[in-house]
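Asks: Task: produce atomic coordinates for the following.
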Amino acid sequence: MNSLEYLKQCGTTVVIDTGEFETIHEYKPQDATTNPSLILAAAKKAEYQQLINDCVDDVLENQGMLDIENKALVALDKLLVEFGSKILELIPGRVSTEVDARLSFDRKATVRKALDLVLLYQARGISKERVLIKIAATYEGILAARELESVYGVHCNLTLLFTFTQAVACAEAEVTLISPFVGRILDWYKDKEARNYARNEDPGVLFVKQIFDYYKKYGYRTVVMGASFRNVGQIEELAGCDYLTISPTLMEVMVKSNTRIEKVLDSSKSFQRCKLDRLALIDNEPMFRFNLNEDQMATEKLSEGIRKFASDTEGLLALLRSRIQHRLRDSKL
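Replies: As a prediction, the model looks like this:
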């Protein structure tokens, strides 16, 4: 067996982190995750131009009364869902589709946008059970996810998660899944402390282990999906985690390796490993915000992540806006 197969034998569900269809077809994961950065990268490639053009044509045909900016916004939602729908043709499980990061601090707008995306999927004949709505783990985002899960039955993936405070609030909100960002945490500490870390000392890895044990000790149903890996060693240290979402580059390394991976995380041992008392944060906004503010790494990485995803969303909108304007000019000739 190869290393990826050994990982699956540890009880970990393997998820691929990409927006490219051929890569998904090659590795055949259970689930797939996307984000604006991945979609923007894919949208610049020749093989995806027809998909973009189809979204633009649909908007021009059915949303003729809207101005160009609103046409682009509608086309963006359609593009995200088109990518997600194509991905779902290639996998047996679920795809994560991200809410506009510019809405990260607006609970009501996040809920509306999530429901819009779910309706677009349903119009394609895709059940909401096969979709995870991806939301930044701000306080407003977590509240939006709680409402989506409890009121509308929409499953959520809380992303850009860097601190235990976020993880606790997500579990209390009973969100379906969280994505702690292992690699970005390591990046921050390596930069600040100018040192390298042994695998068992990696701060991103230790963070996921802490969440995993806390969730299992107190019986939370929220799935822990480690994300944003920098090397295979981080993945090996989290073997046994509920889910791991892995880039195509690292999947390729693992498929070409026959290194045996042993289970590290075992929920039967979580009660002994976790020494923390149960916390309550979801309905204590001042405490949530204070705890987040006290964690410099989490504050900086959350802010940075939102800015990056918002910027790439703007990039997608600019691409769509240009394509719409081009189509309108051609129609007048």
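Asks: pLDDT at L333, what is it?
Replies: If you check L333, the pLDDT there is 46.
Asks: Same check on G153?
Replies: The pLDDT attached to G153 in the predicted structure is 98.
Asks: can I assume it is in contact with K128?
Replies: Yes: counting by Cβ atoms under 8 Å, G153 touches K128, with 6.8 Å between them. C-beta: built from backbone N, CA, C; applies to glycine.
Asks: More neighbours: the two, which one.
Replies: Neighbours per residue, other Cβ atoms under 10 Å: of G153 and K128, the larger number sits with K128, 20 against 10.
Asks: Skipping its backbone neighbours, what lies nearest that one in space?
Replies: What sits nearest to K128 in space, not counting adjacent residues and going by Cβ to Cβ, 6 or more residues apart in numbering, is V118, at 5.0 Å.
Asks: Doesn't the one you found belong to a strand?
Replies: No: secondary structure of V118 (DSSP: H, G, I helix; E, B strand; the rest coil): helix, not part of a strand.
Asks: quick one, what contacts it?
Replies: With contacts defined as Cβ atoms under 8 Å, 6 or more residues apart in numbering, V118 is in contact with K128, V131, I133, Y152, V154.
Asks: How much space separates it from P203?
Replies: When Cβ to Cβ, to the nearest Å is applied, the distance between V118 and P203 equals 35 Å.
Asks: cool, L238 as well?
Replies: 13 Å.
Asks: now swap in E22 and tell me
Replies: Summarising the geometry, the distance separating E22 from P203, computed by Cβ to Cβ, is 34 Å.
Asks: same check, this time on I178
Replies: Distance of I178 to P203, computed by Cβ to Cβ: 17 Å.
Asks: can you check Q325 too?
Replies: Q325 sits at a distance of 46 Å from P203 (criterion: Cβ to Cβ).
Asks: Quote the end-to-end distance of stretch 59-77.
Replies: 11 Å (Cα to Cα, to the nearest Å).
Asks: show me where the stretch 101-250 of the chain has helices.
Replies: Remark: helices assigned in the stretch 101-250 of the chain by DSSP state H, counting those that start in this stretch are 107-123, 139-152, 164-172, 182-193, 203-217, 232-237, 248-255.
Asks: between the ones you listed, which gets nearest to P29?
Replies: helix 248-255 (8.0 Å; Cβ to Cβ).
Asks: quick one: contacts of that closest one?
Replies: Contact partners of helix 248-255, identified using Cβ under 8 Å, 6+ apart, comprise 2-4, 7, 14, 16-18, 20, 23, 27, 29, 229, 231-232, 235, 246.
Asks: what about this protein, any weak spots by pLDDT?
Replies: Within the chain, the stretches falling below the threshold (pLDDT under 70) are 332-333.
Asks: Which residue, other than its chain neighbours, is closest to T313?
Replies: What sits nearest to T313 in space, not counting adjacent residues and going by Cβ to Cβ, 6+ apart, is P36, at 4.7 Å.
Asks: Wait, that neighbour touches E98, no?
Replies: Yes: under the contact definition of Cβ under 8 Å, P36 touches E98, with a separation of 6.2 Å.
Asks: joint contacts of the two?
Replies: The contact lists of P36 and E98 share F309, where a contact means Cβ under 8 Å, 6+ apart.
Asks: Ends of stretch 238-250, what's the gap?
Replies: Distances were taken as Cα to Cα; on that basis the terminal residues of stretch 238-250 are 14 Å apart.
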